[in-house]
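Engineer: Structure, please.
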Amino acid sequence: MSASDSPAPPRVPHKRRSLVIRRIDHVGDPVGIAFLESPETDGDAVLARIREYLGDRLRLVKAEVSHDEITVEVESHGWAEEGARMAEAARDLYRKGARRAALTMYRDALDLDPLNAEASLRLGLALVEREKFADAFAALKRAREFGASGVELLNALARSAAALGRRASAIAYYEEALKIEPRNFVARRALGALGRTPLQSGKEPGSVRSRRD
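Structural biologist: This next block holds a predicted model:
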């Protein structure tokens, strides 16, 4: 039997996930504009912007819009197990120094499973390292929407935002990172470079102290 005759891996039908789209990640883009539109009077426009952002691989089931977040439920057709294996293989290639090949493989993993948060995260981090900040930011915010979290992600988002001229967003990401890890040197130094003095580790704002006195 030839390779072309080999059966394709089983596609996972109608895999459903809830995603959180954050306002801070979409300042100035079409999804960000959706936060300014009224779901009551401009519901179709809001849904159209979200559908366009999600792309053809994800089907929007429902969306709930609040001031700072849009919670969406999506359906995806994909090969989750194969995507996960390819993402792990890409990470191994990256560790071994085959970085260009790894980037291609991360993208292939996302073609197999567009909801793979690990592939989106690792692709974004690799693009930050190559100073491809626009592409990095797009991958990193997708990773966060798909469930990735942590200081490494927030610092990478902040670095990308700063490089793209989004100073306020960069500050917000770094400050969020310091809430998780108050002594994180990368975030503290970067905030200083952005003209923002981070709260001293182990100290509380005066308003908090005064309430306890």
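Engineer: all contacts plus neighbour counts: C-alpha atoms, from now on.
Structural biologist: Will do.
Engineer: Now do the helix ranked longest in the chain: distance to the chain's middle.
Structural biologist: In the chain, assigned by DSSP state H, the helix with the most residues is helix 80-95. In terms of CA atoms, centre = their mean, to the nearest Å, the centre of helix 80-95 is set 18 Å apart from its chain centre.
Engineer: count of neighbours near the closest residue to E82 other than its chain neighbours?
Structural biologist: Spatial nearest neighbour of E82, excluding adjacent residues (CA to CA, 6 or more residues apart in numbering): L112 at 6.9 Å. Neighbouring residues of L112 were enumerated by other CA atoms under 10 Å; the total is 21.
Engineer: Now L112. Its backbone dihedrals?
Structural biologist: phi -70, psi -40 (degrees, to the nearest 10).
Engineer: check contacts around it.
Structural biologist: L112 makes contact with 78-80, 82-83, according to CA atoms under 8 Å, 6 or more residues apart in numbering.
Engineer: how about these in TSV, adding neighbour count, distance to L164 and pLDDT?
Structural biologist: Formatted as TSV, these follow (neighbours: other CA atoms under 10 Å; distance: CA to CA, whole Å; pLDDT from 0 to 100):
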residue	neighbour count	distance to L164	pLDDT
G78	23	32	80
W79	21	34	89
A80	21	32	88
E82	16	34	92
G83	25	30	92
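Engineer: before we move on, back to that, quick check: buried residues in the longest helix of the chain?
Structural biologist: By 16 or more other CA atoms under 10 Å, the buried positions in helix 80-95 come out as 80-84, 86-91, 93-94.
Engineer: okay, the residues you listed in a markdown table with distance to V27 next?
Structural biologist: What follows is the buried residues of helix 80-95, written out as a markdown table (distance: CA to CA, whole Å):
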| residue | distance to V27 |
| --- | --- |
| A80 | 31 |
| E81 | 34 |
| E82 | 34 |
| G83 | 30 |
| A84 | 31 |
| M86 | 32 |
| A87 | 29 |
| E88 | 32 |
| A89 | 34 |
| A90 | 31 |
| R91 | 30 |
| L93 | 34 |
| Y94 | 31 |
